[in-house]
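Undergrad: Structure, please.
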Amino acid sequence: MLKHSLIALALILPISSYAAPKAEAKTTSNSPFTKARNQAAGNLSTSIVTMQKMVNLCANNSNREKIKTSTSDWQTRNKAFLKMHYGYVTALIESVQETASEEELKKFKENLVKVNNENANTIIKTLVDKDGQELACEKYFTYLDGGEMDIKQGKPDYATLKEMLDFANKTPTEKPAKKK
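TA: Got it, this is the predicted structure:
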């Protein structure tokens with residue numbers, strides 16, 4: 001199911017916060033892994049983890065189905081970007097794995113998990129400190145339902161994420177047959 005793979009994937013991001021030295025070497029002009037793309041993928045991952053943590057914080061017997069529907073609808077509306085995100089992160093990890101030692105790869109993943117969770121926890125703490133848990137939960141899922149958290153034009157990282165999506169969907173052009 002898309003939800004489970006996205007959540008698992010999100011736990012190993014954001015990418016930009018801890019790029020392993022050998023991963024940085026891979027970010028050449030021929031590489032799809034750039035600082036801007038890594039940052040955008042990391043920010044999207046933080047959003048995904050924040051959402052999962054908000055579900056855990058806010059869901060109770062009276063609102064569980066509404067929250068489940070809200071998150072499912074968000075995933076449906078943003079499915080193309082989420083699939084691209086999964087592919088990008090998977091490819092980045094494979095790229096790091098090609099050149100990193102087992103220990104370096106392990107540290108790379110651990111650092112990503114740590115930073116991603118810290119970022120999500122900071123966001124949630126800010127929301128709850130500002131409005132209290134009940135109102136923070138109500139606002140969060142109202143915004144989620146209303147499409148305010150969708151990946152769309154005018155949102156931070158949209159241009160980069162759209163470019164990444166276009167890149168991911170680009171089909172290789174066929175080379176014309178050589179003339180004899």
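Undergrad: where are the low-confidence patches of the protein?
TA: Applying pLDDT under 70 to the chain flags the ranges 1-30, 171-180.
Undergrad: can you do 80?
TA: Low-confidence segments of the chain, defined by pLDDT under 80: 1-31, 171-180.
Undergrad: in which helix or strand would I find the residue most central in space within it?
TA: For the chain, the residue nearest the mean C-alpha position is Ser45 (2.4 Å; C-alpha atoms, centre = their mean). Using DSSP states H and E, Ser45 sits within helix 35-58.
Undergrad: starting at the chain centroid, how far to that helix?
TA: A distance of 5 Å separates the centroid of the chain from that of helix 35-58, by C-alpha atoms, centre = their mean, to the nearest Å.
Undergrad: Of all the residues in the helix or strand following that helix, which ones are buried?
TA: Under the assignment DSSP H and E, the closest C-terminal helix or strand after helix 35-58 is helix 64-77. Going by neighbour count (16 or more other C-beta atoms under 10 Å), the buried part of helix 64-77 is Ile67, Ser70, Thr71, Trp74, Gln75, Arg77. All C-beta spots, glycine's among them, are computed from the backbone N, C-alpha and C.
Undergrad: Closest one of these to Ser101?
TA: Ser101 lies nearest to Gln75 out of the buried residues of helix 64-77, by C-beta to C-beta, at 35.6 Å.
Undergrad: sorry, back to before: could I get the buried residues of helix 64-77 as JSON lines with distance to Asp157?
TA: Shown next, in JSON lines, are the buried residues of helix 64-77 (distance: C-beta to C-beta, whole Å):
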{"residue": "Ile67", "distance to Asp157": "25"}
{"residue": "Ser70", "distance to Asp157": "21"}
{"residue": "Thr71", "distance to Asp157": "20"}
{"residue": "Trp74", "distance to Asp157": "16"}
{"residue": "Gln75", "distance to Asp157": "18"}
{"residue": "Arg77", "distance to Asp157": "16"}
